[in-house]
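K.L.:
I'll drop the sequence and a predicted model, then ask my questions.
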Amino acid sequence: MNQSNHTKLNLDSTLIFIVILLGVISVFTIYSIEPTLPAKYEGYHFPIKQAVWYVLGGIAVIFVMLIDYDRFRQITWWLYGLGMVLLLILFFNFPSSIVYEANNAVSWIKFPVLGTIQPAEIMKIFLVLAIADVITRHNHKYVNRTVHSDLGLLVKIAIVSLPPMGLIAVQPDLGGFLVLAAIASAMILVSGIRWRVIFSIIGVGIGSLAVLFVAYKLFPGSIGTFLDESVFNHVASRFYGWIDPEKYPDSGFQLVYAMLAIGSGQLFGKGLHTFEVYIPERHTDMIFTAIAEQFGFIGASVVITLFFLLIYRMIHIGIQSNDSYGSYLVTGLIGMFTYQIVQNIGMSIQLLPITGLPLPFLSYGGTSTLTYLIAIGIVLNVHSRTRTFMFD
Amino acid sequence: MNKKKKKKKAQLPFRLNILFFVVFILFSVLILQLGVVQILNGESFQEEIDRTIQDTTSVPVPRGKIYDRNHNVVVDNEALYAITYTPPKGVQADDRLEVAERLAKYISMFDKDPKEKKKQIARITDRDKKEYWYLLHSDEAEKRLSQKEAADMEPGEQYQTILDRITEEEISHYDEQDLEIILIKKELDKAYSLTPQIVKNNGVTPEEYARVAEHLNEMPGINATTDWNRAYPYKDTVRSIIGNITDEKRGIPRESMEYYLAKGYSRNDRVGISGLEEQYEDVLRGRKEKIEYTTNKNGQVVDMETVVKGERGKDLVLTIDMEFQERLDKIVREELKKTINKLPSLNRYLEDAIAVVMNPKTGELLGVSAQHYNRKTNKYENADYKALYDAHRPGSSVKGATVLAGYEEGVISPGTRLYDSPIKIKGTPTMKSYKNMGWVDDLYALEKSSNVYMFHIALRMAGEYSTPNNTPVNFKGDPFLKMRNYFSQFGLGVKTGVDFPYESSGFKGNAPLAGNLLHYSIGQYDTYTALQLAQYVSTIANGGYRVKPHFVKEIREPSPSEKDVGPVFRTIHPEVLNRIQMKDAYIERVQKGFRRVFTTGTASVFANEPYKAAGKTGTAENEVYKDGKKLADTENHILVGYAPYDDPEVAFAVIIPNTGLSSSQHPSNKTIGKGILDTYFELKEERAKENVTDAKEETESEE
């Protein structure tokens, strides 16, 4: 019970163990897919690279843990500003020499030495830091909550989150946009805003969606053309592809193949290296299909359970923390992870429409892996600085 | 204060617990849905993966050849080297470009003729060039369309916009090598998945063929094959009887596309569209090789199996004797030429001379010749189809049928004598023979071709036994129906049943006047084709059997060697369509009359020939009309005959329509008729001699 006050680093071994386990699964799965990747990826050595990213990520974790997370608040706005600058570079396509486009989305910046980075990934962390800071400051100032002060907090959070969300949405990166939304939502939930306000927001949200839905039912033509012609075209096509993948093969084919791969894995899977369905970009966003096809329901359930334990552990840390700023940070990261996991797995089993999002810890990717490990570093940091007081 | 803080502190874990609850629900849903997908529906997904798609590809085989009755090749297949392209599934434009670039190294797409080459180059459009540029510089090309613009466009529109933004300058520098690649790629782009498309089949040299064949593995889908073209060693002899096939470009005729598709043809298959090529399409086409490709869900070909082994089309052996046919063409043409040249102005409407020669017992057509004088080009040409298509008034040549009808109807009997003097039916011009013959019997009536004798037969069949003297004739019953019924038993006025896609059955007059009935009885009313007349005279020659004329004698299996014909697949046996009603004695009587025609009668030129011919002449009055205006009175000169008269082996019909009216008219019908029989028996003798010498040589060499 009494974790000594002297212990400098109070490491959460469970969390570390889960992350290491996920890292092993990631490298192993990427290794198993490698032979099936298209010829253009020949010589890329993805498993080795992913392992290297994990090592680098581990070092990043140590760096993150060195300083008390409370100190993050001092640099939060600098980081937020940096993230916004990077996003603006993408938005204005300037300087274009470093902007890099792939898969029809302008989401990458190429630095001469560092390699390519995805600002949207880093922005996730920066946003968590920023919102946590906003909530903490607000709650300090307004000790007595009123509807008025709650709404004020909401507006503040909106002011911080909407600009990066907008910049990411126009890339277009629907997935990234929704992750930021998930982060903000989770943090609003724990920010102390009163239920009646939260419920009203949810109510308004559901209500407007219902209105849209009814309108679509009543005037499918005009709403449909509006959707098709607007920026939502991209969103709409994915939506159609999700509802009826066979009928909308353009946007639905990924889902058709993903379902084939996962479904045919059945209970026990087909075994290592056995793939019958070709799925493009399988080492990144579609890595879950590789696990489910090779190792079946059992293998896939183990992975989902690991993720669940990870989130559970993080929530535990959030609850344990006796500093609300720490709790906010952890909650933001919980929102990020939960949304990405549910979205990534859900989209490949037709639970949600397809959006381009990596599966945390498992998908191949430098920036994303680093981002998630840094996030874990923050969580570990919060945990290690949580003191358990005998009298409270 | 403290309490407040506590409250606040307690609230955070509570909210986090709610968050945890949400997370728990979400993950439960994930596991649940995963269970549905993998456990509940897993099997059906597996089934879908295992499901494969079968595609069959047909490889065309050469068409059957056509031989004459002596096994001389009449229609041959000329092998042409061809480079084909069968695109594998899921081939992309840049794959095709790669194939085209490689192929350009091995073959030349340009015509040797510089003019043709220019045309080929002119056919390459700017769009072709731009598409080529796009493929070569795809990164650069795609940059010409910004992300924002692309978002509002359909993929096709995007492509078009990018093409539009490729400048003229960029595509102006292409040299011949590039153009060649573009030409090849255009051909490759036409191909449907898994269906062979010809890239080049014109003027592929054996070197090109060999080079491509050596490098097939570099070019997926490319194949070096042989294609076939029809070759005609006898040039245009009986070409219109043989008929035509469509070319690769036209494929199966559009108007009967469904018929052919249902019979398993592909759209670009070549089919017979006229003549014997059409008639015997089913045997000539052969059996295509069918290969079944099994493709899995990923588009990989997992299995390839020959389902149907291909077989070249079967060969036809014609009844036509090409040597005889060539001589026949010459006889008919020379005679037509001579007649026209003798009285060019008088014979200005004379354009055709038609002859049909057949075996009267079997119906085998030995030679069919229709020579046509093309007055526009001043050239004589083969138009053999006219023997089946063009019907003319036969004149007195049908009198054999009239006399037989008279016997059978009981209005005359062998030996009946009738008085030949002019007949005048009220409201009709006087009708007579070319001279008044007085009392004539049936044999004499045939020999000297009495018209009045025939008129009396017709009148009696109509119930009129007295000679009308400016009095009307009232029909009892329907004499036209009776007459036509008898005539049709000889094939006159009905189809002969020849194995050809089309034949005319002639024109039937439809005014039941007494005058017309009399004209009918002497071949001046209904019209018949030369083939119908040949069938008619054969029926009399062979003792009353109407045999079906035919062009094809045998169908043979494709031969394994080039030199010999293959084994017989089917023999076309003589087919008797009907036996005429008349008694043998009656038929013999008419045969006797016909023999007298050829000895002491109107065709006495045959009198001294050893082959003892018999037959009947005919001269029909005819008129030439144009746009409903009568231009001139003409005559059709007809001769039907056979030989030897007691055991006929050859029968013929000759029609020379629309000769000018003149007493000094060339007797072309008899000259042609005589030429036919002379040639036939000469050839027979020559062949008999050859056989003897052949046999001798054989025995000699054996020694």
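P.N.:
Everything's here; your move.
K.L.:
gap between residue A:82 and chain B?
P.N.:
25 Å (CB to the nearest CB, to the nearest Å). Yep, even glycine has a C-beta here, placed from its N, CA and C like the rest.
K.L.:
next one: phi and psi at that residue?
P.N.:
Main-chain dihedrals, residue A:82, degrees, to the nearest 10: phi -60, psi -50.
K.L.:
flag every residue of the stretch 101-250 of chain B that's near chain A.
P.N.:
By CB under 8 Å from any CB of the partner chain, the part of the stretch 101-250 of chain B that sits against chain A consists of B:147, B:150-152.
K.L.:
and if we set it to 7 Å?
P.N.:
Contact residues, the stretch 101-250 of chain B versus chain A (CB under 7 Å from any CB of the partner chain): residue B:147.
K.L.:
who's in contact with stretch A:60-67?
P.N.:
With CB atoms under 7 Å, 6 or more residues apart in numbering or on different chains as the test, stretch A:60-67 has contacts from A:370, A:373-374, A:376-378, A:380-381, A:384.
K.L.:
okay, strands next: where are they in chain A?
P.N.:
With DSSP state E, the ranges of strands along chain A come out as A:99-102, A:105-111, A:115-117.
K.L.:
tell me the gap between the helix or strand containing residue B:577 and the middle of its chain.
P.N.:
Element membership of residue B:577, judged by DSSP states H and E, is strand B:576-579. Taking CA atoms, centre = their mean, to the nearest Å, the mean C-alpha location of strand B:576-579 is offset from the chain mean by 27 Å.
K.L.:
what's the first helix or strand after that strand?
P.N.:
The helix or strand immediately downstream of strand B:576-579 is helix B:584-599, counting by DSSP H and E.
K.L.:
buried residues in that next one, which are they?
P.N.:
By neighbour count with 16 or more other CB atoms under 10 Å in any protein chain shown, helix B:584-599 contains the buried residues B:586-587, B:589-599.
K.L.:
which ones are touching residue B:99?
P.N.:
B:188, B:219-222.
K.L.:
where in chain A is pLDDT low?
P.N.:
A:1-9, A:39, A:102-105, A:113-114, A:221-238, A:246-251, A:388-392 (pLDDT under 70).
K.L.:
spatially nearest residue to the closest residue to chain B within it (excluding sequence neighbours)?
P.N.:
Using CB to the nearest CB, the closest approach of chain A to chain B is made by residue A:263 at 3.0 Å. Of all residues beyond its chain neighbours, the one nearest residue A:263 is residue B:45 (3.0 Å), with distances taken as CB to CB, 6 or more residues apart in numbering or on different chains.
K.L.:
in the stretch 451-600 of chain B, which spans are strands?
P.N.:
Taking DSSP state E, counting those that start in this stretch as the criterion, the stretch 451-600 of chain B carries its strands at B:469-471, B:528-529, B:545-547, B:552-556, B:568-571, B:576-579.
K.L.:
so which of those strands comes closest to chain A?
P.N.:
Taking CB to the nearest CB, strand B:568-571 is the member of these nearest to chain A, at 49.1 Å.
K.L.:
packing partners for the closest one?
P.N.:
strand B:552-556 (3 or more CB pairs under 7 Å, 6 or more residues apart in numbering or on different chains; DSSP states H and E).
K.L.:
partner strands of the strand it packs on and their direction?
P.N.:
strand B:315-318 (antiparallel), strand B:568-571 (antiparallel) (DSSP bridges).
K.L.:
mind listing residues that contact that strand?
P.N.:
Strand B:552-556 is contacted by residues B:69, B:276, B:280, B:283, B:314-319, B:364, B:499, B:565-572 when judged by CB under 7 Å, 6+ apart.
K.L.:
list buried residues within these.
P.N.:
B:69, B:276, B:280, B:283, B:314-319, B:364, B:499, B:565-566, B:572.
K.L.:
quick check: closest non-adjacent residue to the residue of the stretch 401-550 of chain B found nearest chain A.
P.N.:
Across the stretch 401-550 of chain B, no residue is closer to chain A than residue B:501, which sits at 47.5 Å (CB to the nearest CB). Leaving aside its sequence neighbours, residue B:501 sits nearest to residue B:278 (CB to CB, 6+ apart; 4.8 Å).
K.L.:
next up, phi/psi of that neighbour, please.
P.N.:
According to degrees, to the nearest 10, residue B:278 has phi -80, psi -50.
K.L.:
what's around it, how many residues?
P.N.:
For residue B:278, the neighbour count with other CB atoms under 10 Å in any protein chain shown is 17.
K.L.:
so residue B:90, which of the three states?
P.N.:
Of the three states, residue B:90 takes coil according to DSSP: H, G, I helix; E, B strand; the rest coil.
K.L.:
biggest strand in chain B by residues?
P.N.:
As assigned by DSSP E, the longest strand anywhere in chain B is strand B:629-643.
K.L.:
how about residue B:609: what's its closest non-neighbour residue?
P.N.:
Nearest one to residue B:609, counting by CB to CB, 6+ apart, is residue B:677 at 6.9 Å.
K.L.:
that concludes my questions; thank you for your assistance.
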